[in-house]
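S.K.: turn this into a model:
(chains A and B)
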Amino acid sequence: GQNIDQPTEMTATEGAIVQINCTYQTSGFNGLFWYQQHAGEAPTFLSYNVLDGLEEKGRFSSFLSRSKGYSYLLLKELQMKDSASYLCAVHRGSYIPTFGRGTSLIVHP
Amino acid sequence: DGGITQSPKYLFRKEGQNVTLSCEQNLNHDAMYWYRQDPGQGLRLIYYSQIVNDFQKGDIAEGYSVSREKKESFPLTVTSAQKNPTAFYLCASSMDISYEQYFGPGTRLTVT
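M.R.: Predicted coordinates:
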């Protein structure tokens, strides 16, 4: 079966750095995506990894290790508006997307 | 202004009725998707379409049906056979199936 694990909830302080982990076991792998979803809203795309290594995009970075079935999303200089759910999604065989349950991040002042 | 629209935002139906949720995109994307999201759950794939006139079942297709007669449109019908239809339904599209997805604002369906 397909299995994607993320922590359910994390808390952090404004201005700090937080790392959200995602582990996966899927039949086939064709890329890993991170999305941000504010409460009651649609998810929006943050980052994409298909090769091992780190992808940096402003305050957000994402890392992938295909051999370990592991990714993380790193958020720097946290802001209150970063309070949201962060969804890890794997494109498995035939590029079929599978989402994890999401990590709810709460940023405190 | 390009994007994906879903209507209505809230929908109420009685048990035993079929209901159709609309999804339209003007991004010229080939691929479109339907998901449902329940509290504490991730997005679960219902159906997806890689190209017009073609669609495939996702992980939870039972009780749902779709059509893809036009590139811009991918309506989802929730049939009376769906045992737990109350949920938040999200439609998405992507340039093709390997690219990132763009999501519509969602339709919250309540069936009583």
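S.K.: residues of chain A that sit close to chain B?
M.R.: Counting by C-beta under 8 Å from any C-beta of the partner chain, the residues of chain A close to chain B are A:2, A:4, A:8, A:30-31, A:33, A:35, A:41-45, A:48, A:87, A:89, A:91, A:94-102. Yep, even glycine has a C-beta here, placed from its N, CA and C like the rest.
S.K.: what about 6 Å?
M.R.: Within chain A, the positions near chain B by C-beta under 6 Å from any C-beta of the partner chain are A:33, A:42-43, A:45, A:48, A:95, A:99-102.
S.K.: of all those residues, which comes closest to residue B:10?
M.R.: Nearest to residue B:10 out of the residues of chain A next to chain B is residue A:42 (C-beta to C-beta; 15.0 Å).
S.K.: surely that closest one forms part of a strand?
M.R.: No: under the criterion used here (DSSP: H, G, I helix; E, B strand; the rest coil), residue A:42 is coil, not part of a strand.
S.K.: residue A:78 and residue B:59: what is the separation?
M.R.: Residue A:78 is 33 Å from residue B:59, where distance means C-beta to C-beta, to the nearest Å.
S.K.: which one's more surrounded, the two?
M.R.: Higher neighbour count among residue A:78 and residue B:59: residue A:78, with 19 against 14, using other C-beta atoms under 10 Å in any protein chain shown.
S.K.: doesn't residue A:17 make contact with the more buried one?
M.R.: No: at 7.2 Å, residue A:78 and residue A:17 do not qualify as touching, with contact defined as C-beta atoms under 6 Å.
S.K.: can you give me the first-to-last residue distance of stretch B:3-17?
M.R.: Start and end residues of stretch B:3-17 are separated by 30 Å (C-alpha to C-alpha, to the nearest Å).
S.K.: need the contact list for residue B:33.
M.R.: The contact partners of residue B:33, taken as C-beta atoms under 6 Å, 6 or more residues apart in numbering or on different chains, are B:48, B:92.
S.K.: could you check which helix or strand contains it?
M.R.: Under the criterion of DSSP states H and E, residue B:33 resides in strand B:31-37.
S.K.: dump the C-alpha coordinates for that strand into PDB.
M.R.: Output of strand B:31-37 as PDB, limited to C-alpha atoms (Å, rounded to 0.1, in the frame of the first residue of the first chain):
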ATOM      1  CA  ALA B  31      -4.600  17.200 -16.100                       C
ATOM      2  CA  MET B  32      -7.400  17.700 -13.600                       C
ATOM      3  CA  TYR B  33      -8.200  16.000 -10.300                       C
ATOM      4  CA  TRP B  34     -10.800  15.600  -7.600                       C
ATOM      5  CA  TYR B  35     -10.100  15.100  -3.900                       C
ATOM      6  CA  ARG B  36     -12.000  14.900  -0.700                       C
ATOM      7  CA  GLN B  37     -10.700  16.100   2.600                       C
END
